[in-house]
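Enquirer: need a structure here:
(2 chains)
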Amino acid sequence: MNYKKYLASTGTTVAAMAFSASVAMAACATDGLPASMEMPGGFPERALTMIVPYGPAGGSGQVAQAMAQAVTELTGVSINRDHKPGGSGTVGMTAFMATPADGYTVLEHIDDASSAHALDSTRPNPAKDLIPLVISQITFSQIYIRTDEDRFTDWNSFVEWVNAQDGKATIANVSKEGSMERVTMKFITDATGMKIQQISFDKGAPRYGALAGGQVDALFEQPGDVRSFLDAGKFKPILTILKEAPAAFADVPSLADVGLEFEPLFRFRGFYAHAGAPEDRVKWLQWAFQKAYCEKSYQDYNEGKFMTLIESFRDTDGARELITSTISQYRDVYKEMGLEVK
Amino acid sequence: MDAFTNFLNGTIALFSDPVGILIFLGGVIGGMLFGAIPGVSMLTLAAILLPFTAHLSAEHGIMLFSVIYCTGVYGGAITAILFNIPGAPENAPTAFDGYPMTLNGQAGKAVGAAVMCSALGGTISAVIMMAATAPIADWAISAFGPPEIFALVFFGLAVAASVGAKTLWKGWLSILAGLMIAVVGLDPVGGIARYDFGMPYLLAGIHFIPTILGFFAVSEIFVQAEKKVTGVYEAPELHVDFPSLSELIAHKIAVLRSIVIGFFCGILPGIGATLAAFMGYNEAVRWSKDRKAFGKGKLEGVISSETANNAATGAAMIPLLALGLPGGALTAMMVGVFQMHDMEPGPLVFINSPDLVWVVFAAMFFANLSILFIGVLETKTIINLLRIPFQFLAPMILLLATVGAYAVRGLVIDVVVMFVAGAMGFFLRRSGYSVAGIVLGLILGKIGEQTFAQAMQMLHFEWLGFFDRPIALTLLIAGVLTTLGSAYTAFFKKHHH
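Expert: As a prediction, the model looks like this:
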């Protein structure tokens, strides 16, 4: 039974939890990493520092806390989180690049670092200028409407209704220049011919409140961030921005189901070391962070955030591949959008 | 089961559990302490405690955070009044009149008023929260979108122009200076860099906490140091007289007004206690027959600000619990506590965990009441800090302010910003400009710019669309009338003289 049907019948999320747990366990069972690893030359002799370019309460702050806890549980090494929010992650990245490349400082960052490099190649390339230790959260986006909405009830009727509004329909979005959200919305509007006004909300609560309160007609978001609204039956997804719908959202049309043909972009969060850090220390960090992904506390956290509906794990090589393809995709779109790509 | 019975059950559950009582008391004292010490805040305490809440029950973890929220908002008033260092931005308006009261030898009265009004505002807010969480939350998010919030900000700025400056013209210039500072950094819509001068750290904008510390604490140290050097410094007289009951009753309208304003601001997601405190103070000035007395040590200023910011605490729990929408940083951390226990705040909490909700409600009610009792004891002791000679006190304040500025984001530039603001504040205050106006322009400017951009997008860039939204239109008209009224008064007085 899929998530939507289960919710309809019981109003709870147990089915989704069970489904996501099975995906997560499968990922960890095949990681092939040793159970323990000797600390190279005693490294680390003191606590690590994790620079987080966002505040402690948001998605990055929470994943940083969960991963730090899991690494500590696994290795006994403490991690101090140093939040440096601002400038869409620029401040944290700049601060990280200024720290010594000795392996003691790691960085948490999201896909914004990749899109920033795609737009401006003087910004660090996370696949080359940094060493990805692990990508521990990968998720997809969906379009949501209110469950009690009566002007439209599914994707097709939504598109029809939007087209009848002559550009007056609205969707709440992050919508910063070149963001994953804005680029994806360009894909969708180009393909459907929809004219829809995107309203920029940089914080989650006002964004979700805008849909719940009827200030906007739809919402662009990732499922983990609006899980409480889904559980409560307040929001419902009408489009999953993936080529094929995941089992938990089998009843929600995917891109292929509605005839949209573009490569979906993902929201991902991961952890990085300096490119110039000593090789043996980097190897230990890779082991610690990848292994920590499989710790129960981290898996529980990811499950609660709907981060196991698709494969959320990438090791260093997998992360580089994902980041490089993402950068390439963004760059092509930016050029097409007429943005100045440096 | 009615609300009162639920409340009784929550109270019994809270006080029949020894661990719960310990956590409750720890939260009350910790919130007051961290709120009162500049450089750290209730957010610091919450961030430290967040991982540990995984080891508490969901009930205890969420109750702890809600108690810290109530008492932390009050705690910052003490340093605002005694040393002109607001413990948090929501205590900044408290310093406008609280610190002059200290200089006038009325520190006890100011702190006493803060204690009583914080307790009163918070308790009444908690009662309203218990009575009608769900319908209020639904009303707030449907009635107040970006156009209405922008109009509210405009109205707030219009009122603030007449606060603290020698002339209306200087008041507006102060506000505009704050608005100018607010636009440094990435713009809230397109993410376009502005006024960063190639410095990545400026992309994050000028943070208001170092700015507040600079304009209030550092500039005050400079002012007092100059007096010391020129031999005109006088240590403030120390009195621990509390405000009398008749004095408080005389301000009943101000208290009621601030409760309404604070509660109203608190229920708007993303707005919260800071705007509540400024709006509460501004409205006190607007409705006063003696506007000129504000900023010089008027008890009503302290009462209005402290009532409003604590009234926002109960209100901020409404969108969090009813809808899962956190109104500020601390309530956002509470979402983290819920999630650590495999729960999500929102309508299902009332259905799935009613016991938890009512224990939290009861804890918030009693936390606000405890401000009264613990605050009275605290006041009689902490006020003695004023006995420390200036030459020792000033470096301590500067040190605390420096730590506070750096602790916000761990950026040295924030310390630089604080000292620059301190120097600017020193000269601007001499010239009759309002440092409060600058700070308000900075804080409200960020909210105002964002909501204006969102409103214009929603209205399809047709500004006349504001006229189709009655609440926004009313607030905009009120703002325009306030501006015209104060301009007329200023012009009339000038010619009359």
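Enquirer: mind listing what whichever residue of the stretch 101-250 of chain B sits closest to chain A touches?
Expert: Nearest residue of the stretch 101-250 of chain B to chain A: B:Ala204, at 2.2 Å (CB to the nearest CB). Glycine gets a C-beta too; all of them are placed from N, C-alpha and C. By CB atoms under 8 Å, 6 or more residues apart in numbering or on different chains, the contact list for B:Ala204 reads A:Pro85, A:Gly86, A:Gly87, A:Thr90, A:Val91, B:Gly185, B:Leu186, B:Arg409, B:Leu411.
Enquirer: which parts of the stretch 1-150 of chain B sit against chain A?
Expert: B:Ala47, B:Leu50, B:Pro51, B:Asp138, B:Ala140, B:Ile141, B:Ser142, B:Ala143, B:Phe144, B:Gly145, B:Pro146 (CB under 8 Å from any CB of the partner chain).
Enquirer: Can I get these in a markdown table including distance to B:Gly108?
Expert: Listed next are those as a markdown table, based on distance: CB to CB, whole Å:
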| residue | distance to B:Gly108 |
| --- | --- |
| B:Ala47 | 33 |
| B:Leu50 | 36 |
| B:Pro51 | 39 |
| B:Asp138 | 43 |
| B:Ala140 | 38 |
| B:Ile141 | 42 |
| B:Ser142 | 45 |
| B:Ala143 | 42 |
| B:Phe144 | 39 |
| B:Gly145 | 44 |
| B:Pro146 | 43 |
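Enquirer: Can you tell me which of those residues is nearest B:Ser219?
Expert: Here the nearest of these to B:Ser219, counting by CB to CB, is B:Ala47; it sits at 28.9 Å.
Enquirer: surely B:Leu157 meets B:Gly441?
Expert: Yes. Because the distance of 6.9 Å satisfies CB atoms under 8 Å, B:Leu157 is recorded as touching B:Gly441.
Enquirer: any shared contact partners between these two?
Expert: In contact with both B:Leu157 and B:Gly441: B:Ile175, B:Leu179, using CB under 8 Å, 6+ apart.
Enquirer: Please pick out the residue of chain A most distant from its centre.
Expert: In terms of distance from the mean C-alpha position of chain A, A:Gly41 ranks first, at 35.1 Å (CA atoms, centre = their mean).
Enquirer: In contact with that residue, which residues?
Expert: So A:Gly41 contacts A:Asp280 (CB under 8 Å, 6+ apart).
Enquirer: how much space between it and A:Asp102?
Expert: 12 Å (CB to CB, to the nearest Å).
Enquirer: Surely A:Gly92 is within a helix?
Expert: Yes. Counting by DSSP: H, G, I helix; E, B strand; the rest coil, one finds A:Gly92 located in a helix.
Enquirer: and the gap between it and chain B?
Expert: Counting by CB to the nearest CB, to the nearest Å, the gap from A:Gly92 to chain B is 9 Å.
Enquirer: Hmm, that residue is touching A:Leu107, no?
Expert: Yes. Here A:Gly92 lies in contact with A:Leu107, judged by CB under 8 Å, at a distance of 7.1 Å.
Enquirer: sec struct for B:Leu49, please.
Expert: Under three-state DSSP, B:Leu49 falls in the helix class.
Enquirer: thought A:Val282 was touching A:Ala273?
Expert: Yes. Counting by CB under 8 Å, A:Ala273 is a contact partner of A:Val282 at 5.3 Å.
Enquirer: How about the lengthiest helix in chain A and chain B, touching?
Expert: When chain A is parsed with DSSP state H, its longest helix is helix A:316-337. No. Applying CB under 8 Å from any CB, one finds helix A:316-337 separated from chain B by no less than 12.4 Å.
Enquirer: other SSEs contacting that helix?
Expert: Applying 3 or more CB pairs under 8 Å, 6 or more residues apart in numbering or on different chains; DSSP states H and E, we find helix A:316-337 packed against helix A:112-119, strand A:130-139, helix A:180-192.
Enquirer: Pull out the buried residues from stretch A:322-331.
Expert: The neighbour-count check on stretch A:322-331 (16 or more other CB atoms under 10 Å in any protein chain shown) flags A:Leu322, A:Ile323, A:Thr326, A:Ile327, A:Gln329, A:Tyr330, A:Arg331 as buried.
Enquirer: Report the mean confidence score over that stretch.
Expert: Model confidence over stretch A:322-331, given as mean pLDDT, is 91.
Enquirer: could I get it in CSV with only the CA atoms?
Expert: Taking C-alpha atoms only, stretch A:322-331 is exported to CSV below (Å, rounded to 0.1, in the frame of the first residue of the first chain):
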residue,chain,number,x,y,z
LEU,A,322,26.3,13.9,-8.9
ILE,A,323,27.8,17.3,-8.4
THR,A,324,29.5,17.4,-11.8
SER,A,325,26.4,16.4,-13.6
THR,A,326,24.4,18.9,-11.6
ILE,A,327,26.8,21.7,-12.4
SER,A,328,26.8,20.8,-16.1
GLN,A,329,23.0,20.8,-16.1
TYR,A,330,22.7,24.1,-14.3
ARG,A,331,25.2,25.7,-16.6
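Enquirer: Just list the residues touching the closest residue to chain B within chain A, thanks.
Expert: Chain B sits closest to A:Gly86 of chain A, with a gap of 2.2 Å, by CB to the nearest CB. Counting by CB under 8 Å, 6+ apart, A:Gly86 makes contact with A:Pro53, A:Gly92, B:Gly185, B:Tyr201, B:Leu203, B:Ala204, B:Gly205, B:Arg409.
Enquirer: Please tell me how far the spatially most central residue of chain A sits from A:Ile135.
Expert: By CA atoms, centre = their mean, chain A has its centre lying nearest to A:Arg267, at 2.9 Å. A:Arg267 sits 11 Å away from A:Ile135, going by CB to CB.
Enquirer: on that earlier part again, need the nearest residue in space to the residue of the stretch 101-250 of chain B closest to chain A, chain neighbours excluded.
Expert: A:Gly86 (2.2 Å; CB to CB, 6 or more residues apart in numbering or on different chains).
Enquirer: Model confidence for the one you found, exactly?
Expert: 76.
Enquirer: buried stuff in stretch A:167-186?
Expert: Those would be A:169-185, for stretch A:167-186 by 16+ other CB under 10 Å.
Enquirer: who's more crowded, A:Val282 and A:Ala273?
Expert: Ranked by neighbour count (other CB atoms under 10 Å in any protein chain shown), A:Val282 and A:Ala273 place A:Ala273 first, with 26 against 20.
Enquirer: what pairs with that one across the strands?
Expert: A:Ile131 (DSSP bridges).
Enquirer: Find residues that contact each of A:Val282 and A:Ala273.
Expert: Common neighbours of A:Val282 and A:Ala273 (CB under 8 Å, 6+ apart) are A:Gly103, A:Ile131, A:Leu133.
Enquirer: In JSON lines: those, plus distance to A:Asp315.
Expert: Formatted as JSON lines, those follow (distance: CB to CB, whole Å):
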{"residue": "A:Gly103", "distance to A:Asp315": "18"}
{"residue": "A:Ile131", "distance to A:Asp315": "11"}
{"residue": "A:Leu133", "distance to A:Asp315": "9"}
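Enquirer: Thanks a lot, catch you later.
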